[in-house]
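> Coordinates for the following, if possible.
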Amino acid sequence: MKYQCGIFDLDGVLVDTAKYHYLGWKKLADRLGFPFTEQQNEALKGISRMAALDLLLEMGGMSGRFSEAEKAELAAEKNQYYLEYVSRLEEDELFFGVVELFERMKKAGIKIALGSASKNARLILDRLHIEDYFDFIVDGTLVKKAKPDPEVFTLSADRLGIPYAECVVFEDSAAGIQAAKTAGMLAVGIGTRENLPMADYICRGVGEFEWE
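So this is what the prediction gives:
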């Protein structure tokens, strides 16, 4: 099968802003008075900010202690920490091989889309100077359902008019891999088989993937 579209998650796939999410959540956890590890952070990857906050509070034994309004304030606090980090993002933090892969895809007529839960996606793409490569961008402002619901990926395919089976999703989270599989798309895991057991393929980085 000839794949017609690549749909890329952002954090941890194109650039390591995932580390800034972790630092933001950890700073919030520290302020609330409980530990939060990088291993625990794996469960927060690829899901919405509020869903991640609920998981964080559960890990800290603080579920049910905050009203919805208070949780909104906590999520905004974490996002402010995150924005302080990404505002200093430099173009050279883009992962190795990303631009080269995009150039090959463009030359072959393959569509490029973004499928990210981040509401800050366009800011990050602008900081990295890669926004113009994308034929369609789905971010956290466009989707109503968080991964593992496949909406973030199916919306891109629908807008571009490409069958789901002809799309390749690049993801570093278990929730994202599950979303891609649910949609019937090829799921390429960026990371390890241990963390992404459901992925069709595993790559250390997007630059390793060879289009058929």
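> hey, let's count contacts and neighbours off CA atoms from now on
OK.
> tell me the residue furthest from the middle of this protein?
Here the centre of the chain is the reference, and by C-alpha atoms, centre = their mean the most remote residue is Arg65, at 28.4 Å.
> which parts of stretch 133-150 are buried?
For stretch 133-150, the buried set under the neighbour-count rule, 16 or more other C-alpha atoms under 10 Å, comprises 133-134, 136-140, 143, 146-150.
> CA atoms of that stretch as CSV?
Once non-C-alpha atoms are left out, stretch 133-150 reads as follows in CSV (Å, rounded to 0.1, in the frame of the first residue of the first chain):
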residue,chain,number,x,y,z
TYR,A,133,5.4,22.3,5.8
PHE,A,134,2.0,21.3,7.1
ASP,A,135,-1.0,20.8,4.9
PHE,A,136,-3.3,20.7,7.9
ILE,A,137,-2.8,21.4,11.6
VAL,A,138,-5.0,19.8,14.3
ASP,A,139,-4.3,21.1,17.8
GLY,A,140,-6.0,21.2,21.1
THR,A,141,-8.3,24.1,20.0
LEU,A,142,-9.9,22.0,17.3
VAL,A,143,-10.7,18.7,19.0
LYS,A,144,-13.4,17.9,21.5
LYS,A,145,-12.2,14.4,22.4
ALA,A,146,-8.7,13.6,23.8
LYS,A,147,-6.5,10.6,22.8
PRO,A,148,-7.0,7.6,22.9
ASP,A,149,-10.1,8.8,21.0
PRO,A,150,-8.9,9.0,17.3
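> what's in contact with that stretch?
Taking contacts as C-alpha atoms under 8 Å, 6 or more residues apart in numbering, the residues outside stretch 133-150 that touch it are 46-48, 102, 111-122, 151-153, 155-156, 159-160, 175-180, 182-183.
> quick one on the thing from earlier: what strand or helix carries the residue farthest from the centre of the chain?
Using DSSP states H and E, Arg65 is not contained in any helix or strand.
> Also Val169?
Following DSSP H and E, one finds Val169 within strand 167-171.
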